[in-house]
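Asks: Provide a 3D model corresponding to the input given below.
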Amino acid sequence: MSFILWDVPIKADAYRSTDLKKFNFDRNELAFTLTEEDTEESWSLSFDSYQALRTTTEECSSKVIELLPNNGGFFKANESEWLNSLGKGEVPFLDDACHFVVCCYDEVIEVVAHKDSPKFLKKS
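Replies: Residues are numbered from 1 along each chain as shown. Here you go, the predicted structure:
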């Protein structure tokens, strides 16, 4: 399993450089409000189609963090143990799914969603 940096508009030089302000989810959408450390600007990250969500406190997320590159705060993988455990290769809609990781100051958020699902929007 290999995670790569996820090219996102939010600047995140390290794992704990983004602050999670809130998140909402229902059957149709998953949305996070994030604050960029250096600028204090607020961003929305939403997934209009997702299959799984898991959030872990930063203190208990060492197993995930060990798998990530050393710099940045946003990562993705087309293959992972979690994707495989959900049925990738057997469940057709997981063929184009990614395992996304968003590292925040106090939490590590993981989402399995279609590769084109995530949308970033700068809040004014």
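Asks: counting by contacts, list what the lowest-mean-pLDDT helix or strand in the chain packs against.
Replies: Within the chain, no helix or strand scores below helix 62-65, which has a mean of 90 by mean pLDDT, DSSP states H and E. Secondary-structure packing of helix 62-65 (3 or more C-beta pairs under 8 Å, 6 or more residues apart in numbering; DSSP states H and E): strand 107-114. Bear in mind the C-beta positions are built from the backbone N, C-alpha and C, glycine included.
Asks: direction included, what does the strand it packs on pair against?
Replies: strand 50-57 (antiparallel), strand 97-103 (antiparallel) (DSSP bridges).
Asks: I'd say I4 and N78 touch.
Replies: No. Assessed by C-beta atoms under 8 Å, I4 is found out of contact with N78, at 9.0 Å.
Asks: mutual contacts of those two, please.
Replies: With contacts defined as C-beta atoms under 8 Å, 6 or more residues apart in numbering, no residue is shared by I4 and N78.
Asks: the more surrounded of the two?
Replies: For the pair I4 and N78, the greater number of neighbours falls to N78 (16 against 12), based on other C-beta atoms under 10 Å.
Asks: looking at it, the more buried one is touching D95, isn't it?
Replies: No. Judged on C-beta under 8 Å, N78 makes no contact with D95 at a distance of 10.0 Å.
Asks: about what we covered before: packing partners of the next helix or strand after the least confident helix or strand of the chain?
Replies: For helix 62-65, the succeeding helix or strand toward the C-terminus, using DSSP states H and E, is strand 74-77. Applying 3+ C-beta pairs under 8 Å, 6+ apart, one finds that strand 74-77 contacts strand 4-5, strand 97-103.
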